[in-house]
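J.: Build me a model from this:
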Amino acid sequence: MKLLNTAFALCLPFLVEGQVNVVDFSRKEEVQSYDSTYFMVKSDFTKEKVLKGLKGNHITFLDPPSIKLSYVKNGKPLGFFRGDFTPLLYRTFEVIGTEEAEYTMCLKLADFKDTLLLKPSLLTDDYFISEGFERVKSNIVGLKYYSFDEQNVKAVNGEYYQTKWLEPFEMVNFEIGKVSDFEHQAIFTMRSATGELKLGMKLNDVWFEYGGYPQGSIEFVFDLINTYKMIDHHLLDVVNKSNYKSEIRNGTIAVGMTKNEVALIFGMPSSNMKVAGYDDVLVYGQGSKSLFVYIKGGKCVGVK
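T.: Residues are numbered from 1 along each chain as shown. Coordinates of the predicted model:
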């Protein structure tokens, strides 16, 4: 007991200046804190430890009728169904805990009026994590991005904007926008010297795309095929210092490129292979149409 008192005596004087973290070794249950930076779900989102780590966060509903929800009355769920949950639209609920129901670990939510159980989904545009949204917004608004593509880009309002190679843009806003009767997107508003460009991204893509590959890129997808990429100043520096500027601009890989330079062109590989004599083999595509990029010493030494 004396040792415990001494520990707290040492810690308390520092509380005035900042936060002191005290590890409680008596806890038997490990809780994995969920990083909601990207404000949508990651592949491990249905794991119990991750769900428990969301406690204290807030979830905002965008399309509640399509979500499997259950109202909770007298501490018991009333049964999961996709019904008329329209009154929940745009309401924000706090995650107050987790609870198992119908053999599934669910998030327990509450607001000023209702308590709900939500069966989390890996692929959904029906809700988002509010703290993560605010974190993304505070991280990117005011930053400079540069057009990695030169093309006629269609904005969310239907207008077209002709981008120039490495044209500078300032990120001036980030918001949730309703783009059709049944779809919401994350809307990025960027301003250049000649105009403003608003581009949308599916919400369930934001957790990956905002992180980008390589880190510092944002890629927008149109019609499931066409893409438009922007890069931050770190990747702009990669381009400016590269000996392969024309290849990067034309989207072709050359022997001698670094992994970052390859990633600027093709993004994240479909998979990676281990091949004797090489540090890594990046695989793009599938089957007979696959492209293999052989990496050794941090650089491309061959393409097949």
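J.: For Leu62, what are phi and psi?
T.: Dihedral angles of Leu62 (phi, psi; degrees, to the nearest 10) stand at phi -110, psi -30.
J.: Give me the pLDDT for it.
T.: On the pLDDT scale, Leu62 is placed at 91.
J.: my guess is it meets Leu88, correct?
T.: No - using Cβ atoms under 8 Å, Leu62 makes no contact with Leu88, being 9.9 Å away. Heads up, the C-betas are built off the backbone N, CA and C, glycines and all.
J.: Give me the more crowded residue out of those two.
T.: Leu88 (23 against 20; other Cβ atoms under 10 Å).
J.: Point out where the stretch 151-300 of the chain drops to low pLDDT.
T.: Counting by pLDDT under 70, the stretch 151-300 of the chain has low-confidence residues at 207-212.
J.: how about the helices in it?
T.: Secondary structure of the stretch 151-300 of the chain (DSSP state H, counting those that start in this stretch): helices at 203-209, 233-241, 245-250, 259-266.
J.: helices and strands around the longest strand along the chain, which ones?
T.: Using DSSP state E to define each element, the chain has its longest strand at strand 168-180. Packing partners of strand 168-180 (3 or more Cβ pairs under 8 Å, 6 or more residues apart in numbering; DSSP states H and E): helix 130-140, strand 144-147, strand 183-191, strand 196-202.
J.: closest one to Leu109 among the ones you listed?
T.: Nearest to Leu109, of all these, is helix 130-140, at 11.9 Å by Cβ to Cβ.
J.: residues touching the residue nearest to Leu78 when sequence neighbours are not counted, list them.
T.: Among residues not flanking Leu78 along the chain, Tyr71 sits closest, at 4.9 Å (Cβ to Cβ, 6 or more residues apart in numbering). By Cβ atoms under 8 Å, 6 or more residues apart in numbering, the contact set of Tyr71 is 77-78, 114-116.
J.: Now the residues you listed in JSON lines, please, with extra columns for secondary structure.
T.: JSON lines is the format used below for those (DSSP: H, G, I helix; E, B strand; the rest coil):
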{"residue": "Pro77", "secondary structure": "strand"}
{"residue": "Leu78", "secondary structure": "coil"}
{"residue": "Asp114", "secondary structure": "coil"}
{"residue": "Thr115", "secondary structure": "strand"}
{"residue": "Leu116", "secondary structure": "strand"}
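J.: May I see the buried residues of stretch 286-302?
T.: 292-295, 300 (16 or more other Cβ atoms under 10 Å).
J.: Inside strands: which ones of those residues?
T.: Going by DSSP E, the strands hold 292-295, 300 from the buried residues of stretch 286-302.
J.: Output those as TSV; include the columns distance to Phe266.
T.: Listed next are these as TSV, based on distance: Cβ to Cβ, whole Å:
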residue	distance to Phe266
Phe292	12
Val293	8
Tyr294	14
Ile295	13
Cys300	11
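J.: List the contacts of Gln215.
T.: Gln215 sits next to His234 when contact means Cβ under 8 Å, 6+ apart.
J.: In contact with the nearest residue to Tyr244 once chain neighbours are set aside, which residues?
T.: Using Cβ to Cβ, 6+ apart and skipping residues adjacent in sequence, the residue nearest Tyr244 is Ala254, 5.2 Å away. For Ala254, the contacting residues are 244, 247, 300, by Cβ under 8 Å, 6+ apart.
J.: before we move on, back to that, present the helices of the stretch 151-300 of the chain as CSV; the columns should include mean neighbour count and distance to Tyr278.
T.: Shown next, in CSV, are those (neighbours: other Cβ atoms under 10 Å; distance: least, Cβ to Cβ, whole Å):
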stretch, mean neighbour count, distance to Tyr278
helix 203-209, 20, 26
helix 233-241, 15, 22
helix 245-250, 14, 21
helix 259-266, 20, 12
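J.: now those helices in CSV, with distance to Asp280?
T.: Below are the helices of the stretch 151-300 of the chain laid out as CSV (distance: least, Cβ to Cβ, whole Å):
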stretch, distance to Asp280
helix 203-209, 20
helix 233-241, 18
helix 245-250, 20
helix 259-266, 8
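J.: of all those helices, which lies closest to Ser138?
T.: Minimum separation from Ser138 across these (Cβ to Cβ) falls at helix 203-209, 14.8 Å.
J.: domains for the protein, by residue range?
T.: According to automatic domain parsing, the chain comprises the domains 22-131, 141-234, 242-303.
J.: So for stretch 124-134, mean pLDDT?
T.: Averaging pLDDT along stretch 124-134 yields 87.
J.: which residues are contacting it?
T.: By Cβ under 8 Å, 6+ apart, stretch 124-134 touches 36-41, 54, 57-64, 66-67, 92, 118, 176, 183-185, 202-204.
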